[in-house]
Structures are given as C-alpha cells and as structure tokens.
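Student: here's my sequence, what's the structure:
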Amino acid sequence: MTNERTVPLLPCASIDDIETFYGVLGFHTTYKQRKPNACVGVQREDLHLQFFEIPGFDPEQSYGSCLVITADIEGLHRAFAAGMRAAYGKVLVSGTPRMTRPRARKNADGLGGFSVIDPGGNWIRVFRDAAAPMPAATPAGRLAKALANAVVQADSRGSVGQAVRILDSALARPRADDDPVEQVEVLVYRAELAMVLHDPQTAAEMLTRARSVTLTEDESARAASAYGNAAELAAALR
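Tutor: Okay, the predicted model is just below:
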C-alpha cells in the first residue's frame, strides 16, 4: 500500500481556543463536534491536525507533540509570524501559545527547525526536510557552541532554565577572540529566553548589550537575522 497519511490527535483544554489560534496561523476548520466528545480538525495545505478536549486539562503539563517536515521552514515561519502580527500585533515569544524562531538543531544533525507551542501546550515541531538544500554552515566558535547547546535545551526540550545557565556562563567569560556576530546572536537569544521566563528587565538589558557590540560591515550583514529577531523582541517589550 502507498499514500498512507497520519494525522496527529492532540489534547487541549478548549477546542474553541485551538480553532481560533490555528485560524490565526492560516488553518481552516475541517471538522468540529461537541458531543459525544469535543474535538476539532484543522488544515493548512497538506498539514492536518486534530485535537480533543479534556475538561480541566493543564497545557503546562502537556506532553503532546508532533513533527512537521518541510523544505521551507523559513517560509512557513514567515506565514505564521504574519498571522500573529495581524491578530496580536506581535509575534508571540512567551507564554502559551508562542513560537520559537528557525534555528539549526544540534540534536537533529544540524537541520533547521522551529516550534509552535499552541494553546493546548502541544509542541508542533517544524523541521527542514533532510533532502532539501542545506544553508551555508555558520561559524562554530566558543559562543556558537554554547548557543547550539542552549537551543537544544530550550527549543527542543523546553528546559529554558538550563539554556539560560549555559548562555550566562558563556557570557560571563568573554575572550578577546570571540566572534562579535556570535556574541550578538547569544545576547539576542538570551533576551528571547528572558521573555519566555517573563523577565522583561533582563530581556531589555540583553538587547541593549547586543546593540552595543561593534561590528564591521561584513559582520553586520552576517548578524542581520539576529538583529531582525532583536527588533521583534523589542517590539514585544513595548
């Protein structure tokens, strides 16, 4: 047999909240019922998800998760981000729901990915198709290695506290040969994690430090993505 299809069935506290949130991301409702069991199905192009409601369910305790494999993680992230900006005025980076940014994952053979944490606490983990062209390798200095380890902890495992400890340790021991672009990337990611932890003061401090790093013209071009993320975070702090 060929052409089989698997559709994840994930828990939530409210199918109405799920339907609204995924509508923001560009999904449409394919099925919804209240009785005998509350459930809803949503679809965006070839991406199908279904959810079932559990009274009193705590999203913070959810283990719900699924993988989405695509050749264009950046395009999908841009579409989701645009939907969030239109609905909420910003990209949600803290609380539940929220969305991480596309980053290479050390624990996934370097494949890029990002995660959507929906109102049910489910992690929709988007990964680049291994058959798709890979972006150029990035420098791998001391700070880049710390960043890669932190991404595994926070973006993959949800262990934000451990990721913070990794980055704070790296930032506390600066070296003369540290790549300034990697320094910017670490500071901006540390700001993002501070927002996940509802610590806007630290987030603002890290963004200020990132803006104060002196870069050459070439380094500024390399840091463009990090500065784009910084601008999003700064907007969310207002």
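Student: low-confidence ranges, the chain, go.
Tutor: Counting by pLDDT under 70, the chain contains low-confidence ranges at 1, 107-110, 132-139.
Student: need the contact list for the most centrally placed residue in it.
Tutor: Here the mean C-alpha position of the chain is nearest to the C-alpha of T100 (C-alpha atoms, centre = their mean), at a distance of 1.3 Å. Going by C-beta atoms under 8 Å, 6 or more residues apart in numbering, T100 touches V93, F114, S115, A154, D155, E192. From N, CA and C alone the C-beta is placed, and that goes for glycine too.
Student: and those, which of them are in helices?
Tutor: Those of the contacts of T100 mapping onto helices are E192, per DSSP state H.
Student: ok, the contacts of T100 vs A235, which is closest?
Tutor: The closest of the contacts of T100 to A235 turns out to be V93 (C-beta to C-beta; 10.2 Å).
Student: sec struct for Q50, please.
Tutor: Under the three-state scheme (DSSP: H, G, I helix; E, B strand; the rest coil), Q50 adopts strand.
Student: tell me which element the nearest residue in space to it that is not next to it in sequence falls in.
Tutor: Taking C-beta to C-beta, 6 or more residues apart in numbering as the measure, Q50 lies nearest to G41, with 4.4 Å between them; neighbours along the chain are not counted. Mapping G41 onto the secondary structure by DSSP states H and E places it in strand 39-44.
Student: what lines up beside that strand in the sheet?
Tutor: If you go by DSSP bridges, strand 39-44 pairs up with strand 28-33 (antiparallel), strand 47-53 (antiparallel).
Student: re earlier: from the contacts of T100, list the buried ones, please.
Tutor: Neighbour counting by 16 or more other C-beta atoms under 10 Å classes V93, F114, S115, A154, D155, E192 among the contacts of T100 as buried.
Student: buried ones in the strand holding G41?
Tutor: Judged by neighbour count (16+ other C-beta under 10 Å), strand 39-44 contains these buried residues: C39, V40, G41, V42, Q43, R44.
Student: now render those as JSON lines, adding distance to A140.
Tutor: Rendered in JSON lines, the data for these read as follows (distance: C-beta to C-beta, whole Å):
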{"residue": "C39", "distance to A140": "46"}
{"residue": "V40", "distance to A140": "44"}
{"residue": "G41", "distance to A140": "43"}
{"residue": "V42", "distance to A140": "39"}
{"residue": "Q43", "distance to A140": "39"}
{"residue": "R44", "distance to A140": "35"}
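Student: taking those, tell me the two that lie furthest apart.
Tutor: Pairwise distances across those (C-beta to C-beta) peak at 17.9 Å, for the pair C39 and R44.
Student: and stretch 12-20, how far from the chain's centre?
Tutor: In terms of C-alpha atoms, centre = their mean, to the nearest Å, the centre of stretch 12-20 is set 20 Å apart from its chain centre.
Student: put the alpha carbons of that stretch into CSV.
Tutor: Coordinates of the C-alpha atoms in stretch 12-20 are reproduced here as CSV (Å, rounded to 0.1, in the frame of the first residue of the first chain):
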residue,chain,number,x,y,z
CYS,A,12,-6.3,20.6,24.7
ALA,A,13,-8.4,22.4,27.3
SER,A,14,-10.6,24.1,24.8
ILE,A,15,-11.3,23.3,21.1
ASP,A,16,-12.5,26.9,20.6
ASP,A,17,-9.2,28.3,21.7
ILE,A,18,-7.4,25.8,19.4
GLU,A,19,-9.7,26.7,16.5
THR,A,20,-9.1,30.4,17.0
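Student: so which residues make contact with that stretch?
Tutor: Identification of contacts with stretch 12-20 by C-beta under 8 Å, 6+ apart yields 29, 32, 38-40, 42, 51-59, 118-122.
Student: now, of those residues, which are buried?
Tutor: Here the buried ones among those, as counted with 16+ other C-beta under 10 Å, turn out to be 38-40, 42, 51-53, 57, 59, 118-122.
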